[in-house]
Each structure stands twice: as C-alpha cells, then as structure tokens.
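A.B. asks: Could you work out the structure for the sequence below:
(one chain, ligands or ions: 1)
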Amino acid sequence: MTGTMTEMITILIFMGAPGSGKGTVAQHLKEKYVVSCFSTGNLLRNEVKEKTAIGRRVEGIIGVGGLVGDDVVNGIVEKNIEKVAAGGKGVVVILDGYPRTEGQARVLDGMKDGKFRNSIHVIELDVDADEVVARISQRRVCAKCGNTYGAMDKIEICSCGGELIKRKDDEEATVRNRLKEYEKATLPLSEYYFDRIVKINGKGTVEEVVKRVDDYFDGLGIERRR
Ligand SMILES: [Zn+2]
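C.D. replies: Alright, predicted model coming up:
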C-alpha cells in the first residue's frame, strides 16, 4: 500500500541562533526546493490582508499594541499546514521561531489528533558563540539607506554613497547576550525534540553550510525545483 495523505506531508522546523545564517539558508531553500515556507509574521499579515475573522482579531490586538496570543498563532499555523496537507502531499518549512515554547510544540504535535506528529523534523543550525561574534562584528550597515554588508564586502562606502557604520546592537557584549538569551529560551524546545532534532554544522562559508543543508534535504527526498 502506498502512503496515506498524512504520511505524505513533511514539516521541517528550522531553528538557529541570531547570526547563525538561518535567514540566508532559508532564502536558498525557498529557491531550490518545492516547499511552502511559513513564518508566523507572514501568516498573521496574510490573515489581516485577507480580512478573515482571525485577521480582524489580530488587527485589533496589534492596533492597541498587544501581543497575539498562543491560541491565535497555533490556530493560524494549523490552518496553513492543513491547506498544504489538503493537496495530498507537501513540505512545510516553518521559520522564525515557531514553535517558540514547549507548550506550542505540544500543541503542534497534537494537531488533528496527532496526525502531523511523525512528520515533524527539527533542524538546528549549530554555530558557536565565537563564530557568531566574529561574523556579526564584521557586519556594517549603511547610515543612509540601511543596507547591510558582511565581511565579504570589501568596500568602505555603500553603493548609494552612504557611510558604512557598525550598529550598536552588533557589538560583542550585546551579541553574546542575545546568544545566551536565545539558548535559554530554546533549550526546553531542543530537549522536547531530542529524538527529532538534527544539528547541522553552521560553520564555514555560506556555500559550505548550504551544501550540508542540501544533503539533509536530499536525504529526506524533498523535491528540487526545476
Ligand atoms: Zn546605502
């Protein structure tokens, strides 16, 4: 017998500390593989744009400067996974910190009577603090247009003519602090997913890291775009 619908969906949860290169890798995955990428921010904005019942609620909450609650976020994620699953197969990549807590992870596992649970894989881009500090401390931003430049960009002046400066946020102490906070916040999640988490080495050049992620995606049999 061939797989049932529920076995055909793959859910990849993508984790990585600030500065791990997660954003760059995610952009690459979107272009290379047939996947639906979710970030809770985008999903929420879509609801607002489409003026759904949830969207109107979200708009109301954001309008008064409130935080959108777990129940709303969980509901939107579930609805969108269902949409992909309805096609019979599909790969969902969840970016940008969902699930953020062990509680959300449990809700995700329990969705549709647990039918997604065995389809969930967690990838964490693993980098050490020194490497992130080195990367971020080489980052400069244009004072005029806000463009960001990394260590590879051997220029002193932005293409717009603006001066390149270091952001206060990118100073070493701040970066180390952010990393510590990230670790503290995600530790319960890594523990919860201990039997489903794959750590991918995030050291080295973008090409090297992307190659490792590709190997993992290819190993899962995820379809490449043509
Ligand atoms: Zn500029």
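A.B. asks: Residue nearest the middle of this protein, spatially speaking?
C.D. replies: What sits nearest the mean C-alpha location of the chain, by CA atoms, centre = their mean, is residue 95, with 2.2 Å.
A.B. asks: Buried ones in stretch 166-180, by neighbour count?
C.D. replies: Buried positions in stretch 166-180, judged by neighbour count with 16 or more other CB atoms under 10 Å: 170, 175, 178, 179. C-beta here means a position set from N, CA and C on the backbone, and glycine is covered the same way.
A.B. asks: picking up where we left off before, phi, psi for the residue nearest to the centre of the chain please.
C.D. replies: Dihedral angles phi and psi of residue 95 (degrees, to the nearest 10) take the values phi -110, psi 180.
A.B. asks: dump the residue contacts of the closest residue to it other than its chain neighbours.
C.D. replies: What sits nearest to residue 95 in space, not counting adjacent residues and going by CB to CB, 6 or more residues apart in numbering, is residue 39, at 4.7 Å. Taking CB atoms under 8 Å, 6 or more residues apart in numbering, we find residue 39 in contact with 94, 95, 96, 98.
A.B. asks: Which ones among those lie within strands?
C.D. replies: Secondary structure from DSSP state E places 94, 95 of the contacts of residue 39 in strands.
A.B. asks: can the contacts of residue 39 go into JSON lines with extra columns for pLDDT and distance to the ion?
C.D. replies: Rendered in JSON lines, the data for the contacts of residue 39 read as follows (pLDDT from 0 to 100; distance: CB to the ion, whole Å):
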{"residue": "94", "pLDDT": "89", "distance to the ion": "33"}
{"residue": "95", "pLDDT": "82", "distance to the ion": "27"}
{"residue": "96", "pLDDT": "78", "distance to the ion": "26"}
{"residue": "98", "pLDDT": "90", "distance to the ion": "32"}
